[in-house]
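A.B. asks: Sequence and predicted structure are below.
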Amino acid sequence: MTRRRWDGLIVVLGLLASLLLTGLPGPAAAQPVLRFGPADRTASLNGHMALLLDPGGRHALGDVIALPLRDRFEPLPVNLSLGYTPVTAWIRIVLENTGPASRPLYLELEPAFLDHVDVFSPAVAVPSGAADFREIRLGDHVAVDDKPVFSINNVVPIDLPPGQARAYYIRLQTSSSLMLRGAVRTSASLNRHTADILLAMGLYVGLAVAVAAINLIFWLWVRSRTHLWYAAYVLSLAASAAAIAGVVPIWLFPGHPAWSDLVVGSSSFLACTTCSYFAIHLLETRQRSPILHWVYHVTAIYGLVGVAATFLGYYQTLAGTLMVGGVIALFSAAGQSYRLARQGFAPAKLFLISFAAQLVGLTVNVARVVGLLPTLEWTDYSYQAASAIHMILMNIGLAQRMKEADNRARLAQAEALALAQQAELRAQAIATERTRDLAAAKQRAEAALAAEQEAQRAQVRFIDVISHQYRTPLSVIATNIEGIGMSLAEADAPNRRRIDRIRRAVGRLVAMIDVSLNRSRLDGQPLAPQLRPLAPAPMLRQAVQRVRDATGDRIIGLEFDDSVDAAVLLADSEMIELALTNLIENALKFSDADRPVDVTAKVERGALRIDVHDQGIGIPQAELGQIFGKFYRAANAASRPGVGIGLQLVAQLVRAHGGQVTVDSAEGRGSTFSIILPLATIPA
């Protein structure tokens, strides 16, 4: 549809709304007496009512039928419509049977949502006071079973003698819109009218339930909140319409008629909230219209406030603004739908027509409530009729929207598949090229690795030869020292001390050669510990004693409890001892000569923990994470001998046993290195 045609459609809709508000026929002249002839089946009260306002609700029937109030009744040219007002209204109707005989008739008063409708029917031909009237209490605050006639509306049976005019008085009080229309009907006419209302209401509620069910199915299918909010919206409309028509007390809670007011108010305000959120998701206001998005959020919150106000008894205070807000919301939704339609979004055309139809119906309803339009049957149900049109068109539009979304998804899926296929071909080409590069790199790496391994093996063989060459003269020295020691006299204490120092020095040289040999072997090939059951206590004593022998008079403490004596490790004794001696040597190296080194051990949480604590220079906090790296030395260790492989060796040895090494250190306050090894068995 072209832009000019859409502009024409908007103009037509505006003219239609204007005609509904201003093009109605003028009110009929007031007729004080309603005459019901023998051929009549229905006679409308329109133009046959007189009104007396009672702002404080102070007057009783005796007051209004006596002077001076009796003469203050003002004839109404049309049906009563005062809007939302707390005043009490008195209505006088004069009925006359122009037939030859008495007729059983029914006075039907609408709408059904009026709270209190008290009808005073004359009990004698010429009443002289209030005692000559019979009071019948009606309204939606009266239980269905307590009404004289079972009906959705307020119905009073009357008996009109022929040729007599009788005055009926009606007192109206309500928390909703104060209006009144009605008719005098025969039994057949009343039954037909009731059946028509129930049929129309059944179709309306059935349509709303069907639309809600369809949208719930759509929501389960596509998980779009648009459909969920629309289902809630149409159910709110259905509940409000059923309560206004008077069928809720009959269907749901006939024993609690006042609950109908709560249903009317809460469902009307909930319709405001759910419609706002539906419009937010349908029209995508967050992206397309931030101002409208904010407006809808305000109306949604206002609807929730209105629900609470209804239960607190303030529905009448907020109801007028609710209708104004509804008009604004529907007008905004229609305008935004028009914009989307102009942008080429096909379903927006149906959105526009459905919102416009509902807007016209609500405008007519507002005009009726505030008294700009008469209270007639078609104006009473204008909003329901427009809402039914809205539901049908909107549901079709939502289905079309889903179809468009599905088409877009299919197109996007096809484009994504094509791109994926292109990417796959490109990836295969890249993978082929990278495979060739990786194969060449692998060959180069394998050659380099083989050369490095051969160099490491040569290094190990060289170290073995050097070690053997050192061990041979050291063995000779050790043998001769033992012989000299045996030849010395027992009383030759000075020479024996010299022999002991030489023996310890030889032992230190042998230990240093063993450590160097083991380090070289560790660098040259993967660690493969020979795991055997190991009692940690003797190993600890031996390692500490070995370092003591090699370091002379340095103080090395050793302490552990009985749990260590009972523990068993599955470990390579030489490797663990080598790791421990390295830690002790490091502690001595980085501590002053007069500072002790303490070695402690304990069993905790199924593991043996060995702590080596010194009071040396410590390690800077920033370097703790790198201290176990190969050839790494802390910045404050430059003045001490070493090449930075001892701690890496310790870490490799311990990890080969499934354990871990930790360090706790502070620069200038010393360090504590801990070896944690899993136990083969946990001591009792």
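C.D. replies: Noted; the coordinates are in hand. Numbering: from 1, shown residues only.

A.B. asks: need the contact list for Ile152.
C.D. replies: Going by CB atoms under 8 Å, 6 or more residues apart in numbering, Ile152 touches Ala112, Thr194, Ile197, Leu198, Ala245, Gly246, Val247, Ile250. C-beta: built from backbone N, CA, C; applies to glycine.

A.B. asks: What's the PyMOL line that selects buried ones from the residues you listed?
C.D. replies: Selecting only the buried entries of these in PyMOL, with 16 or more other CB atoms under 10 Å as the criterion:
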select buried, resi 112+194+197+245+246+247+250
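
A.B. asks: Would you format the contacts of Ile152 as JSON lines with pLDDT included?
C.D. replies: Formatted as JSON lines, the contacts of Ile152 follow (pLDDT from 0 to 100):
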{"residue": "Ala112", "pLDDT": "86"}
{"residue": "Thr194", "pLDDT": "88"}
{"residue": "Ile197", "pLDDT": "86"}
{"residue": "Leu198", "pLDDT": "86"}
{"residue": "Ala245", "pLDDT": "75"}
{"residue": "Gly246", "pLDDT": "75"}
{"residue": "Val247", "pLDDT": "73"}
{"residue": "Ile250", "pLDDT": "67"}
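
A.B. asks: Which one of the contacts of Ile152 is nearest to Arg137?
C.D. replies: Nearest to Arg137 among these is Ala112, at 14.7 Å by CB to CB.

A.B. asks: Serialize the contacts of Ile152 to TSV and add fields for distance to Ser177 and secondary structure.
C.D. replies: Below are the contacts of Ile152 laid out as TSV (distance: CB to CB, whole Å; DSSP: H, G, I helix; E, B strand; the rest coil):
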residue	distance to Ser177	secondary structure
Ala112	13	coil
Thr194	22	helix
Ile197	19	helix
Leu198	23	helix
Ala245	14	helix
Gly246	15	coil
Val247	19	coil
Ile250	22	helix
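
A.B. asks: from the contacts of Ile152, which is closest to Asp159?
C.D. replies: Nearest to Asp159 among the contacts of Ile152 is Thr194, at 20.4 Å by CB to CB.

A.B. asks: hang on, isn't that closest one packed against Ser151?
C.D. replies: Yes - Thr194 is in contact with Ser151 according to CB atoms under 8 Å; the separation is 5.7 Å.

A.B. asks: Now do the helices in the stretch 451-600 of the chain.
C.D. replies: Along the stretch 451-600 of the chain, counting by DSSP state H, counting those that start in this stretch, helices occupy 493-524, 536-551, 562-566, 573-589.

A.B. asks: which residues are contacting the shortest one?
C.D. replies: Put plainly, it is helix 562-566. Identification of contacts with helix 562-566 by CB under 8 Å, 6+ apart yields Ala535, Pro536, Ala537, Leu540, Ala601, Lys602, Val603, Leu608, Pro683, Ala684.

A.B. asks: Could I get the average pLDDT for that helix?
C.D. replies: Helix 562-566 shows a mean pLDDT of 87.

A.B. asks: Tell me the buried residues in it?
C.D. replies: Neighbour counts using 16+ other CB under 10 Å place Val564 of helix 562-566 among the buried residues.

A.B. asks: And the contacts of stretch 58-77?
C.D. replies: 27-30, 32, 47, 49-52, 54, 88, 90, 92, 120, 127, 129-130, 133, 135, 169, 171.

A.B. asks: ChimeraX command for the buried members of the residues you listed?
C.D. replies: Here is the ChimeraX command that picks out the buried ones among the contacts of stretch 58-77, judged by 16+ other CB under 10 Å:
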select :47,49,50,51,52,54,88,90,92,120,127,130,133,169,171
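
A.B. asks: mind checking how far Phe331 is from Ala279?
C.D. replies: Distance, Phe331 to Ala279, using CB to CB, to the nearest Å: 11 Å.

A.B. asks: Mind checking which of the two has more residues around it?
C.D. replies: Shown here are Phe331 and Ala279; by other CB atoms under 10 Å, Ala279 has more neighbours (29 against 15).

A.B. asks: Once you drop chain neighbours, what's closest to the residue nearest the centre of the chain?
C.D. replies: The residue lying closest to the centre of the chain (CA atoms, centre = their mean) is Arg225, at 12.7 Å. Distances taken as CB to CB, 6 or more residues apart in numbering place His281 nearest to Arg225, at 5.1 Å, with adjacent residues excluded.
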